[in-house]
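Peer 1: Sequence first, predicted model second:
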Amino acid sequence: MKMRAASIVLLLTVSALAGCTGDSDSDDSALAGTSWIMKAEMPGYDAEEMIEEFGFDVISIRTFGEDGSIEDFSLAGVEGCPMGTVSYTEDESLCVADTSSLGEMSASMEWRIDDNGHLIMSSVMVMVDDNSELAMDEMDCNMMGGMMKDNEYLSHYGDIEYTVNWLDDENACEIGSEMKMTMILGPCKAGRCIAYHLVHPVMEDDMMEMNCVVGIEWTGQTELSESELASIQSLFSRCPAAIPSDAVMWDCRLDVRLDSLPDFSEQSFNDSISEHPGYPEWCGAIVPENLALDGSEPNLPPAEDLYGENLGGEVWARSETRYVGSWYSQEECSANEGTWDEDYSMCSFPVDCIPEADSQLIYEECLPSQYARYHWSGDYLYIGMPSNSLWIN
């Protein structure tokens with residue numbers, strides 16, 4: 001089992017798409033056909049120190065093609081191309097990744113701006129099982145798919161999505177990834193600047209490399225002036241601060257309206273969830289101190305609408321006044337002081353206390369944390385609880 005191959009490919013896929021910061025005010029036409037000198041943030045180093053210690057391989061040139069393609073290059077230093085790259089045939093001042101050690105591998109990257117103004121960057125890598133050291137056979141491919149499914153924490157509330165498929169006809173493993181990012185694109189002292197980052201906050205101890213990348217427009221220069229280095233360094237002030245590992249954050253879940261589903265199978269829930277509009281940006285953010293209702297008008301679903309989840313085959317849902325569950329049979333329901341709901345074929349129980357709410361927060365005296373944050377979007381209800389509290393459904 002070539003687990004080393006699986007680990008390396010996962011790292012390549014994540015690193016290739018890693019990003020940076022800000023509120024997007026750009027569209028496809030503003031980004032199309034541009035090239036940028038980009039640098040990832042490394043705590044403890046400024047841009048000039050990193051180049052002195054690690055060389056020009058810490059700087060990359062990224063081109064956003066008018067056709068939606070992405071190409072990455074490195075600048076050739078005095079001693080030539082950095083390790084792991086080879087000279088670019090069309091411009092000797094640039095270097096491209098050397099993929100010869102990866103066997104019959106093909107890779108492509110694309111970009112687009114979605115309806116919400118987010119920069120969407122996608123990558124597809126196809127690795128043919130050619131018996132080379134890093135080739136992936138069907139077992140490796142299926143194992144990688146299982147790894148990614150088990151590591152759902154890498155998704156950052158849907159900011160990162162992976163797909164892994166074994167292609168029988170090509171005897172190859174297809175690995176896809178997509179990242180959703182917030183972006184700044186606009187003028188700066190160095191001309192034009194760019195920065196982008198995952199929509200939701202990242203923890204200090206997060207495994208994601210190159211958490212924030214910033215850049216200035218590339219006009220063909222083969223080295224950077226002091227003022228350009230200073231401009232790149234100043235852009236890191238736009239990078240969002242990482243969330244401390246001991247911070248209390250909004251830990252979010254997604255509930256689906258039961259009446260919107262054809263049935264209550266796990267597949268029905270998954271199909272619906274695949275179409276949800278996206279987690280609110282406050283998911284994963286630090287919970288403010290001294291929470292309190294502000295008197296604003298609530299925006300909760302109708303009081304009797306049931307929203308819930310299918311967890312390992314067991315369905316749970318609640319409304320403002322009750323919750324239902326599939327864990328009791330009809331015979332067991334009354335014995336456990338519940339009421340059988342014929343419409344849903346589930347056992348129903350009244351909530352212990354009726355919640356109060358404003359436009360963002362729910363207050364329930366019965367909950368250990370008392371406060372939860374919410375966002376209602378049609379058939380979807382997003383609920384955030386402080387990460388130091390126990391989930392009470």
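Peer 2: Arrived safely.
Peer 1: Arg62 contacts Glu71, doesn't it?
Peer 2: Yes: proximity of Arg62 to Glu71 meets the contact threshold set by Cβ atoms under 8 Å, at 7.4 Å. C-beta: built from backbone N, CA, C; applies to glycine.
Peer 1: So which of these two has more stuff around it?
Peer 2: Comparing Arg62 with Glu71 by other Cβ atoms under 10 Å, the one with more neighbours is Arg62, at 20 against 15.
Peer 1: helices and strands around the strand or helix carrying that one, which ones?
Peer 2: Arg62 belongs to strand 59-64 when assigned by DSSP states H and E. Applying 3 or more Cβ pairs under 8 Å, 6 or more residues apart in numbering; DSSP states H and E, one finds that strand 59-64 contacts strand 34-40, strand 70-75.
Peer 1: can you list these in CSV and add distance to Lys180 and mean pLDDT?
Peer 2: CSV is the format used below for these (distance: least, Cβ to Cβ, whole Å; pLDDT from 0 to 100):
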stretch, distance to Lys180, mean pLDDT
strand 34-40, 18, 89
strand 70-75, 15, 90
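Peer 1: most neighbours per residue, which of those?
Peer 2: Of the helices and strands packed on strand 59-64, the one with the most neighbours on average (mean count of other Cβ atoms under 10 Å) is strand 34-40, at a mean of 21.
Peer 1: now the helices: where do they sit in the stretch 151-300 of the chain?
Peer 2: For the stretch 151-300 of the chain, the helices defined by DSSP state H, counting those that start in this stretch cover 226-235, 266-273.
Peer 1: Of all the ones you listed, which one is nearest Thr321?
Peer 2: Of all the helices of the stretch 151-300 of the chain, it is helix 266-273 that lies closest to Thr321, at 22.6 Å by Cβ to Cβ.
Peer 1: any residues touching the helix or strand that that closest one is followed by, and which ones?
Peer 2: Following helix 266-273 in sequence order, the next helix or strand is strand 307-311 (DSSP H and E). Residues outside strand 307-311 that contact it (Cβ atoms under 8 Å, 6 or more residues apart in numbering) are 253-258, 264-266, 268-269, 301, 315-319, 323-324, 380-381.
Peer 1: what stretches of this structure score poorly on pLDDT?
Peer 2: Flagging of the chain using pLDDT under 70 yields the residue ranges 1-28, 41-58, 100-104, 132-134, 150-154, 206-211, 368, 390-393.
Peer 1: care to break it down by domain?
Peer 2: Split into domains by automatic domain parsing, the chain comes to 3-238, 250-386.
Peer 1: can you pull the contacts of the residue nearest the centre of the chain?
Peer 2: Nearest residue to the geometric centre of the chain (Cα atoms, centre = their mean): Asp159, 2.1 Å. Listed by Cβ under 8 Å, 6+ apart, the contact partners of Asp159 are Met179, Lys180, Met181, Leu198, Val199, His200.
Peer 1: Throw those into TSV and include distance to Leu31 and neighbour count, thanks.
Peer 2: Shown next, in TSV, are those (distance: Cβ to Cβ, whole Å; neighbours: other Cβ atoms under 10 Å):
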residue	distance to Leu31	neighbour count
Met179	15	25
Lys180	15	22
Met181	12	24
Leu198	18	25
Val199	17	22
His200	22	25
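Peer 1: Now go through these and say which are in strands.
Peer 2: Counted as lying in strands by DSSP state E, out of the contacts of Asp159, are Met179, Lys180, Met181, Leu198.
Peer 1: how far does stretch 76-87 stretch from start to finish?
Peer 2: Counting by Cα to Cα, to the nearest Å, you get 8 Å between the two ends of stretch 76-87.
Peer 1: and it, how far out from the chain's middle?
Peer 2: Relative to its chain's centre, stretch 76-87 lies at 32 Å (Cα atoms, centre = their mean, to the nearest Å).
Peer 1: still on that earlier bit, got the domains of the chain as a markdown table, with distance to Pro244 columns?
Peer 2: Shown next, in a markdown table, are the domains of the chain (distance: least, Cβ to Cβ, whole Å):
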| stretch | distance to Pro244 |
| --- | --- |
| domain 3-238 | 6 |
| domain 250-386 | 8 |
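Peer 1: Go ahead and confirm Gly284 touches Ala242.
Peer 2: No: using Cβ under 8 Å, Gly284 makes no contact with Ala242, being 11.1 Å away.
Peer 1: who has more neighbours, the two?
Peer 2: Neighbour count, other Cβ under 10 Å: between Gly284 and Ala242, Gly284 has more, with 23 against 17.
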